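A.B. asks: sequence first, predicted coordinates after that:
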Amino acid sequence: MGNKRSGQGQLDIPLVWDAPPPLPMVEPGEEDPFHPERELPVSIGRLMLAALADLGLAFLFLAFFWTLPVVLRAGLAGRQAVAGGLAASEVVFVTFAGLLWGWRATPGMALCRAAFSAPLSLGRSVLLTAVWGACLPVAGLPLIIGRSGRRLLERLAGAAVRTR
């Protein structure tokens, strides 16, 4: 006697061998929009915008550390104002060095869709952050002037700056 209920009560799940074949992988080349060769060099204008964005962020940190005591109704003596400025500078330095190390870009570079083509070591990111911070008052011009691949910024980082 056969079971008349065969097929009933079973799950209707396609088996592995019933699944359609996977899509063919795209060979690296022009048709692949995410291929690293499609990354373009970054223009001086875009890097200057990145420097201005970083300068604005540095001023925001500085303003925060100087206005926080005013908001909290604590008067600032001259030495305390200097200490607040140094604390803001330290926060900016550590933040930018960490972002260069992890993201391969400063916040301004990330906003302008630019990044280094290779990861930076911690030592290079700290050195580059120190030089970048020293050049920010003049919009980073000493670092970004030059042809792509030959800029001082790229030589200090050991990697080219490309679009994301």
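C.D. replies: Structure's in. What do you need?

A.B. asks: pLDDT weak spots in the protein?
C.D. replies: Applying pLDDT under 70 to the chain picks out residues 1-11, 13-39, 69-76.

A.B. asks: which stretches of it form helices?
C.D. replies: Applying DSSP state H to the chain gives helices spanning 44-71, 78-103, 107-111, 122-135, 141-144, 152-157.

A.B. asks: in the shortest one, what counts as buried?
C.D. replies: To tie it back to what came earlier, the one meant is helix 141-144. Buried residues in helix 141-144, counting neighbours by 16 or more other Cβ atoms under 10 Å, are found at 143-144. No exception for glycine: its C-beta is placed from N, CA and C like everyone else's.

A.B. asks: before we move on, the earlier item: looking at the helices of the chain, spot the one closest to residue 163.
C.D. replies: helix 44-71 (8.0 Å; Cβ to Cβ).

A.B. asks: figure out how far the closest one is from the centre of its chain.
C.D. replies: Centroid separation for helix 44-71 versus its chain: 16 Å, with Cα atoms, centre = their mean, to the nearest Å.

A.B. asks: among the helices of the chain, which is nearest residue 164?
C.D. replies: helix 107-111 (8.0 Å).

A.B. asks: circling back to that earlier point, can you lay out the helices of the chain as JSON lines showing distance to residue 163?
C.D. replies: Below are the helices of the chain laid out as JSON lines (distance: least, Cβ to Cβ, whole Å):
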{"stretch": "helix 44-71", "distance to residue 163": "8"}
{"stretch": "helix 78-103", "distance to residue 163": "14"}
{"stretch": "helix 107-111", "distance to residue 163": "10"}
{"stretch": "helix 122-135", "distance to residue 163": "19"}
{"stretch": "helix 141-144", "distance to residue 163": "15"}
{"stretch": "helix 152-157", "distance to residue 163": "14"}
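
A.B. asks: how about those, which one is nearest residue 12?
C.D. replies: Of all the helices of the chain, it is helix 78-103 that lies closest to residue 12, at 46.3 Å by Cβ to Cβ.

A.B. asks: tilt between the closest one and helix 44-71?
C.D. replies: Per axes from the mean of the first three to the mean of the last three Cα atoms, to 10 degrees, the angle that helix 78-103 makes with helix 44-71 is 140 degrees.

A.B. asks: who does helix 78-103 touch, helix- and strand-wise?
C.D. replies: Helix 78-103 sits against helix 44-71, helix 107-111, helix 122-135, with contacts defined as 3 or more Cβ pairs under 8 Å, 6 or more residues apart in numbering; DSSP states H and E.

A.B. asks: so how far is that helix from its chain's centroid?
C.D. replies: Using Cα atoms, centre = their mean, the offset of helix 78-103 from its chain centre is 18 Å.
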